[in-house]
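**Q** Show me how the following folds:
(chains A and B)
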Amino acid sequence: MKAANLRALVSKSNAPEVIRRCQPIFSKLVNPQVRNTLVTDMLSLTLAQDDNDSEENTQTLYDGDSKAAKLPTDLRRCIERKFLHSPSRAPLLSHLTIDGLTYSVSTKHVGNSCIMLDANASRILVPARLDYIVELETDEGILTVVAVRQYQPFPKRDDPFACFPLLQTQMCKSELDPLQLFTIDKIRSHFAMSSLVYMEKDVTVAVSLHRVS
Amino acid sequence: MLICVNISLQRQNQLEKDKDPLGHSATSTKCGHVFNQEEMNQIRSDIINMISPSWLTSIPTNLGSPNHGKLKADQWRVLGSTFLPVSLVRLWSVVEVGNPRSERCFKILQVTLSLLSAVSIASSRMMSVATADLYKQHMQSYLSGLKTLFPDYSFRPNHHMALHLHEYLILYGPVHAWWTFPFERMIGMLQRISTNYKAGEFFIHCCSGSNLTTW
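**A** Just a heads-up that it's a prediction; the model follows:
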């Protein structure tokens, strides 16, 4: 049975009572908001299996409140650098859900704003802080982009985690790069973040939660 | 309260008695304890201060205390793959020359990271023969290191089974496809549902009241 069929099963209006009564249990099992790592694993695998019918399973959800708002100055400048011009108002979203994982702006949820980005050609994921999610009108239609600040890299020779690449952990400087725009398909996963003092410097340790390796 | 104080004093006395002049006590590993109190405090502090996404399984902030009960398998995995590497590398990766405890802790760090690497590979969502071989290499490195560092430690059947995982990873692919955690999770949820201790009556009642066969 396909995952999409299973999701629809409990929602059918003519479903027997016994199935309908199971809906809360089923919803609890697959609810991405549940604080449990196994559920996200199951969701990711389910979506990977359903790649063939991708249209049905494009799990990118947005929050309902997407009224146009005045864009902050730093975001406008960033959009201007990328698209040469920027609207003064556009819908700003507080979060979006991709493949069952919720990504939020840093002012809403710091943990959910820690994202690993596939930002360059080297395919090495870089940690960044998600500051804005904005919908822009383009010739092709509505384009959703994220404005992020990347963490500045720490010198490799001083990074104690560099010897253990399998741990997917990297040390970064605490300072952030200027705001940059990316399309949402560049977001790969979250990371867990710890701020600490190492060799008398304030650093940030980013533990990637992207478990496809 | 008095009983707690007495137990604590007895435990302290036991630890003092177990100290030996050969330097093992300096490593705090004589009684199977690797961490000293200061290190435990730092690990707990790291757990509290780490910022993580809302879906990540939470770890007890009083880790190591009997109050939180047994950790679940998923909690062990998250602890090992996310929290412990940060704390252990910070605490033990810089060796103080001439300090036996620091040198021993560095060896324990290497062995622990071999285990964590093996776990990371085993729980990867992609698998190949080369990856499975790498898993076996790390697991063997962990087990041999464990035997060297703790010669009196008796291996458990799980250590033996962990070596066989290599074959299963090659035969069946990523563990997510065949591990039993989803079933364990569902069983746990079902067990937490309030019942009247009359097994089967709810299901029979619901089935008789519905047209399950024609649906």
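**Q** use CA for all of it now, contacts and neighbours both
**A** Will do.
**Q** Sketch out the low-pLDDT regions of chain A for me.
**A** Chain A contains residues with pLDDT under 70 at A:1-4, A:6-8, A:10-12, A:24-66, A:211-213.
**Q** And the helices in it?
**A** A:3-9, A:17-21, A:23-30, A:37-49, A:54-57, A:73-83 (DSSP state H).
**Q** what's the answer for chain B, then?
**A** Under DSSP H, chain B gives helices at B:2-17, B:37-49, B:73-78, B:84-92, B:100-122, B:129-149, B:157-172, B:181-192, B:201-208.
**Q** tell me which residues of the shortest one are tucked away?
**A** The reference is to helix B:73-78. With burial defined by 16 or more other C-alpha atoms under 10 Å in any protein chain shown, the residues of helix B:73-78 counted as buried are B:Asp74, B:Gln75, B:Trp76, B:Arg77, B:Val78.
**Q** next one: the fifth one
**A** Buried positions in helix B:100-122, judged by neighbour count with 16+ other C-alpha under 10 Å: B:101-122.
**Q** send the alpha carbons of it over as CSV?
**A** C-alpha atoms of helix B:100-122 as CSV (Å, rounded to 0.1, in the frame of the first residue of the first chain):
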residue,chain,number,x,y,z
PRO,B,100,47.8,9.8,32.9
ARG,B,101,44.1,10.6,33.2
SER,B,102,44.1,12.9,30.3
GLU,B,103,46.0,10.4,28.2
ARG,B,104,43.6,7.6,29.1
CYS,B,105,40.6,9.7,28.5
PHE,B,106,41.9,10.6,25.0
LYS,B,107,42.1,6.8,24.3
ILE,B,108,38.6,6.4,25.6
LEU,B,109,37.5,9.2,23.3
GLN,B,110,39.0,7.5,20.3
VAL,B,111,37.2,4.3,21.1
THR,B,112,33.9,6.0,21.8
LEU,B,113,34.1,7.9,18.5
SER,B,114,34.7,4.6,16.7
LEU,B,115,31.4,3.4,18.3
LEU,B,116,29.6,6.6,17.4
SER,B,117,30.9,6.4,13.8
ALA,B,118,29.7,2.8,13.6
VAL,B,119,26.3,3.9,14.9
SER,B,120,26.2,6.8,12.4
ILE,B,121,27.0,4.5,9.5
ALA,B,122,24.5,1.8,10.7
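**Q** So which other helices or strands are in contact with that helix?
**A** helix B:84-92, helix B:129-149 (3 or more C-alpha pairs under 8 Å, 6 or more residues apart in numbering or on different chains; DSSP states H and E).
**Q** Then the second one?
**A** For helix B:37-49, the packing partners by 3+ C-alpha pairs under 8 Å, 6+ apart come out as strand A:187-198, helix B:84-92.
**Q** can you tell which of the ones you listed is closest to B:Leu146?
**A** helix B:84-92 (16.6 Å; C-alpha to C-alpha).
**Q** hmm, stretch A:158-172 in reach of chain B?
**A** Yes. Stretch A:158-172 lies within reach of chain B by C-alpha under 8 Å from any C-alpha of the partner chain, at A:Pro160, A:Phe161, A:Phe164, A:Leu166, A:Leu167.
**Q** From the recorded domain assignment, give the ranges for the chain.
**A** Since no chain was named, I'll use chain A. A:3-57, A:61-208 (automatic domain parsing).
**Q** um, chain B though
**A** According to automatic domain parsing, the domains of chain B span B:38-50+B:60-92, B:98-189.
**Q** export those domains to a markdown table and tack on mean pLDDT?
**A** Conversion of the domains of chain B to a markdown table gives the following (pLDDT from 0 to 100):
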| stretch | mean pLDDT |
| --- | --- |
| domain B:38-50+B:60-92 | 89 |
| domain B:98-189 | 91 |
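**Q** I'd like these laid out as CSV, including distance to A:Leu75.
**A** Converted to CSV, those look like this (distance: least, C-alpha to C-alpha, whole Å):
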stretch, distance to A:Leu75
domain B:38-50+B:60-92, 28
domain B:98-189, 36
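**Q** Strands of chain A, start to end?
**A** A:60-62, A:68-70, A:89-93, A:95-98, A:101-104, A:114-117, A:126-138, A:141-153, A:169-176, A:180-183, A:187-198, A:201-208 (DSSP state E).
**Q** and the spatially closest residue to A:Cys114 that is not a sequence neighbour, how far is that from chain B?
**A** Closest residue in space to A:Cys114, ignoring its immediate chain neighbours: A:Arg129 at 5.1 Å, by C-alpha to C-alpha, 6 or more residues apart in numbering or on different chains. Counting by C-alpha to the nearest C-alpha, to the nearest Å, the gap from A:Arg129 to chain B is 12 Å.
**Q** do the same with A:Val134
**A** 21 Å.
**Q** I'd like to know how far the residue lying closest to A:Leu176 once chain neighbours are set aside sits from A:Arg129.
**A** Among residues not flanking A:Leu176 along the chain, A:Tyr151 sits closest, at 4.7 Å (C-alpha to C-alpha, 6+ apart). Distance, A:Tyr151 to A:Arg129, by C-alpha to C-alpha, to the nearest Å: 8 Å.
**Q** Between the two, which is the more surrounded one?
**A** More neighbours surround A:Arg129 than the other of A:Tyr151 and A:Arg129, with 26 against 20 (other C-alpha atoms under 10 Å in any protein chain shown).
**Q** check contacts around that one.
**A** A:Ser106, A:Ser113, A:Cys114, A:Ile115, A:Val148, A:Arg149, A:Gln150, A:Tyr151 (C-alpha atoms under 8 Å, 6 or more residues apart in numbering or on different chains).
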